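[1] No sequence on hand, only this structure:
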Ligand SMILES: Nc1ncnc2c1[nH]c(=O)n2[C@H]1C[C@H](O)[C@@H](COP(=O)(O)OP(=O)(O)OP(=O)(O)O)O1
């Protein structure tokens, strides 16, 4: 881990779901995106509200990060992710909240994303993400995660801007 105190921090999760139409139906006719797209939410409240982010949230007592990410995706957009795979982990430090954030990638899900009180979901092509309306540090690692890679990072924000950014790719993130 890139931060000595990471074990002391509250935990949170993010899910980056990648979908593409790989069956026999004409593009888009089964309600699934025609090409590789990823599900983002316009977050209505909480940390990062107003931005496009992956669905996710804070890990509750007694919950594992994997259990959390399944619950949060269900609560925020009403679908069940079936195969969340750990793809990264980063320490986030800011003026008002610090956390260790576990990042999952998924390709299988049940249901159709819908708007909730917490989030407004939309699919974006993986090569055309709304980066100017996302966390600035997402551009460091999100394309790698969407492409099947792994990373570990430490992102320090001050006054809403990245002040210290450290990322390593191609690491084993299964147990941390
Ligand atoms: N730097 C950065 N980039 C991308 N995403 C994040 C960060 N820092 C973060 O904290 N996050 C993400 C990690 C989590 O998904 C959320 C924070 O949790 P939040 O959505 O506020 O928690 P919930 O449990 O859903 O909501 P409330 O408890 O606030 O109702 O931000």
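    Structure's in. What do you need? Here the structure is a predicted model, which means the values were calculated and not measured. Numbers count the residues shown, from 1 in each chain.
[2] contacting residues around residue 99?
    By CB atoms under 8 Å, 6 or more residues apart in numbering, residue 99 lies in contact with 9, 10, 11, 12, 58, 91, 92. All C-beta atoms are positioned from the backbone trio N, CA, C, and that covers glycine.
[3] Kindly report the same for residue 45.
    residue 118.
[4] From residue 52, how far out is it?
    15 Å (CB to CB, to the nearest Å).
[5] go on, residue 72?
    16 Å.
[6] higher neighbour count, those two?
    Ranked by neighbour count (other CB atoms under 10 Å), residue 72 and residue 52 place residue 72 first, with 25 against 21.
[7] My read is that that one contacts residue 57, right?
    Yes. Shown here, residue 72 and residue 57 form a contact pair, counting by CB atoms under 8 Å, at 4.2 Å.
[8] who touches both of these two?
    Counting by CB under 8 Å, 6+ apart, the contacts common to residue 72 and residue 57 are residue 13.
[9] Spell out which parts of the protein neighbour the ligand.
    12-14, 46-48, 53, 56-58, 72, 92, 99, 101, 135, 137-138, 155 (CB under 6 Å from any ligand atom).
[10] Show me what residue of the protein gets nearest to the ligand.
    Here the residue of the chain nearest the ligand is residue 57; by CB to the nearest ligand atom that distance is 2.4 Å.
[11] Distance check, that residue against residue 157.
    For residue 57 relative to residue 157 (CB to CB), the value is 18 Å.
[12] before we move on, what about residue 87?
    21 Å.
[13] neighbour-wise, which of those two wins?
    More crowded of residue 87 and residue 157, by other CB under 10 Å: residue 87, with 23 against 19.
[14] counting contacts, what elements does the helix or strand hosting that one pack onto?
    Secondary structure assignment for residue 87, by DSSP states H and E: strand 85-93. The contact analysis (3 or more CB pairs under 8 Å, 6 or more residues apart in numbering; DSSP states H and E) places strand 85-93 against strand 98-106, helix 138-146, strand 151-158.
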